[in-house]
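**Student:** predicted model, plus sequence, below.
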Amino acid sequence: MIRNVRAARVHVIRTALLGLLQTVCVIATALSLGKIGADLLVSGVSPLASPGLLSIAGASLALRALALFGQQRYAHRAATDTISQLRTDLVRHTAQTSPRVLADRGADVTALATKGLDNLRPYLTSYVPQLLLAATVTPICLAVVAYLDLTSALIAGFTLPLIPVFMILIGLLTQGRSERLLLDMRTLWSQVMDLVQGLPTLRALGREHGPEKTVHELGTRHYNSTMGTLRYAFLSAMALELLATLCVALIAVSIGLRLVAGNMELFPALAVLILAPEIYLPLRQVGAQFHASTDGLAALDETFTLLATPLVSDGDAPCPPLASSPITVTGLSVKSRNGYAPHDLSFTVKPGSIVALAGANGSGKSTTVHAMLGLLPPDSGEVRYGDTPLTQISRETLWNQLQWLPQRPLLAPGTVRELLGASHSEAELLNACKLTGFDHVLNGLDDGLDSPIGRDGVGLSVGQRQRLALTRCLLTPSPLVILDEPTAHLDAGSEATIAAVVRELSRQGRTVLLVAHRKSLLNLADKVVTL
């Protein structure tokens, strides 16, 4: 995180400097108060008689309070900046990652980019500062104690490792709990998202009350995992607090016995007693804050795992005009679960033609489309647009010249008019809707073209979303249109409508690449490529 996130680097450096300042303040406070106390108890000198020492003690306490305030304030700001940068990097990386890689990780990305990375805040605001204080305050204070009283330093040196030992034991007890909590959260998130998206369909089928038991069980599991984490966090804090108290007590008893025997002066005794708790405090806080930060660390590990996913390389050459350039696929092979799909595939798409990809399920038809779009790197072979290999082409210049209708189209929130293109006249919109059969859907909407559509087409059935996306393809003047199973979510009676759309696209002089099973669509193709 320090290597990849600038806000985290600045946070660590600032926290280390403020930690050193707090160390100086602690030592100055202990020495000045020890001297004031020794003068009062031994010589009867009033503290008011030593204004310099009082000023040092007061200034040290005030400066330490300011350093602590600044540390906490900037820690929250740094945590916000760090989480924001990681979230941005995660979303940007995900958008550039192959759809095949992310096919089963959509819920993971959603959970990490929202609640998951928010759990990183306790780690940055509490755990990291205490860890840096343990690396500065503890050894420096121990060195000062050794200078003042070697016996107390030896006692502290022998008892100090007990705190990390107990931290490890408690950590072994809670090992894997945060990973299970994150898994429960992702599962619950995924189930709820699927339920919300499919709720209109479930209501139409009268099954809206079916999944509530599953969601309730997942919620209960998530609640139990969270409460278990909190329970262990409180348990570890109590155990470490008790252990640190006993360690300080050992030093205090040793000093008391030597004071009674007259083997120790009062000034170093008081100074050591003030410094002793400060030796154990950072390590104690590290143990207490560790369990509150493990959820964020688990999310951080998942985030960097996703960020390490290789991206498809992008070129810098502009894509040739697709209206006049052929598309050539040569020896294309992509690894699948059972060999290669497709395997050694070669074909050519001429401008203005209709080419259909046919074959059994799992033969690699959609994978071929992904490879042609530059979303998936092939294991062998190449795709050329004109005379330029796809690897050298800027994918943005390619995507600007085509329309792709996947099996599950993506629809942004907005009105029907906005989704189809507000620049078109109402007559053009209605004619296109009539050709795709979406006019029947419009008749059932309250506001027609101005009816709002939710995220990912919420408010429409899957088939209606398919018709809406198909209408958008028809209205967008792209020279290349790729239709991946356009009849996948439509009934058999809609084949004639889809065929009419394909014929209209061809009449407009556009190149059409079809992924199809049904003969009515395959018969429209100038060339059928069977995988």
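**Tutor:** Thanks, I have it. These numbers come from a predicted model, not from an experiment.
**Student:** which residues does residue 194 contact?
**Tutor:** By CB atoms under 8 Å, 6 or more residues apart in numbering, the contact set of residue 194 is empty. For the C-beta atoms, the positions are set from N, CA and C on the backbone; glycine is no exception.
**Student:** that should have said residue 253, apologies.
**Tutor:** So residue 253 contacts nothing (CB under 8 Å, 6+ apart).
**Student:** that one sits in which helix or strand?
**Tutor:** Taking DSSP states H and E as the criterion, residue 253 maps to helix 212-261.
**Student:** downstream of that helix, the next helix or strand is which one?
**Tutor:** helix 266-307.
**Student:** any idea of the mean pLDDT in the helix holding residue 253?
**Tutor:** Across helix 212-261, pLDDT averages out at 81.
**Student:** now it and helix 266-307, what's the angle there?
**Tutor:** Per axes from the mean of the first three to the mean of the last three CA atoms, to 10 degrees, the angle that helix 212-261 makes with helix 266-307 is 160 degrees.
**Student:** i'd like the first residue to be 27 from this point on
**Tutor:** Yes, from this point I'll number from 27; that puts the last item at helix 238-287.
**Student:** off-centre distance for helix 238-287?
**Tutor:** Its chain's C-alpha centre and that of helix 238-287 lie 30 Å apart, by CA atoms, centre = their mean, to the nearest Å.
**Student:** swap in stretch 439-459?
**Tutor:** On CA atoms, centre = their mean, the centre of stretch 439-459 falls 35 Å from that of its chain.
**Student:** first-to-last residue distance for it?
**Tutor:** Stretch 439-459 has an end-to-end distance of 19 Å (CA to CA, to the nearest Å).
**Student:** can you list contacts of it?
**Tutor:** Outside stretch 439-459, the residues that touch it by CB under 8 Å, 6+ apart are 437-438, 464-465, 467-468, 471, 473-481, 494, 497-498, 500-502.
**Student:** filter the residues you listed down to the buried ones.
**Tutor:** When the contacts of stretch 439-459 are checked for burial by 16 or more other CB atoms under 10 Å, the buried set is 437, 464-465, 467-468, 471, 474-475, 477, 479, 494, 497-498, 500-501.
**Student:** lowest pLDDT pick from those?
**Tutor:** Lowest confidence among the buried ones among the contacts of stretch 439-459: residue 471, with 80.
**Student:** leaving out chain neighbours, which residue sits closest to it?
**Tutor:** residue 477 (3.9 Å; CB to CB, 6 or more residues apart in numbering).
**Student:** from residue 488, how far off is the one you found?
**Tutor:** 18 Å (CB to CB, to the nearest Å).
**Student:** same deal with residue 217?
**Tutor:** For residue 217, the distance to residue 488 - CB to CB - is 19 Å.
**Student:** repeat for residue 405
**Tutor:** 32 Å.
**Student:** compare these two (neighbour count), which wins?
**Tutor:** residue 488 (17 against 13; other CB atoms under 10 Å).
**Student:** I'd assumed residue 230 was in contact with that one.
**Tutor:** No: counting by CB atoms under 8 Å, residue 488 stays clear of residue 230, with 11.3 Å between them.
**Student:** care to break the chain down by domain?
**Tutor:** For the chain, automatic domain parsing gives the domain ranges 32-333, 353-556.
**Student:** inside helices: which ones of the contacts of stretch 439-459?
**Tutor:** 465, 467-468, 494, 497-498, 500-501 (DSSP state H).
**Student:** right, and residue 93 touches residue 43 too?
**Tutor:** No: with contact defined as CB under 8 Å, residue 93 and residue 43 do not form a contacting pair (9.1 Å).
**Student:** okay, the two: which has more neighbours?
**Tutor:** It is residue 93, of residue 93 and residue 43, that has more neighbours when counted by other CB under 10 Å, with 19 against 14.
**Student:** how about the ones in helices among the contacts of stretch 439-459 in TSV, adding distance to residue 124?
**Tutor:** Formatted as TSV, the ones in helices among the contacts of stretch 439-459 follow (distance: CB to CB, whole Å):
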residue	distance to residue 124
465	37
467	33
468	36
494	26
497	28
498	24
500	28
501	29
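**Student:** ok, so of those residues, who is nearest residue 38?
**Tutor:** residue 498 (48.6 Å; CB to CB).
**Student:** grab the nearest non-local neighbour of the closest one.
**Tutor:** residue 446 (5.5 Å).
**Student:** checking residue 348 next. Helix, strand or coil?
**Tutor:** coil (DSSP: H, G, I helix; E, B strand; the rest coil).
**Student:** so residue 409 is in which element?
**Tutor:** Assigned by DSSP H and E, residue 409 falls in strand 406-411.
**Student:** output the below-cut-off pLDDT ranges for the stretch 377-526 of the chain.
**Tutor:** Applying pLDDT under 70 to the stretch 377-526 of the chain flags residues 515-519.
**Student:** no further questions, thank you.
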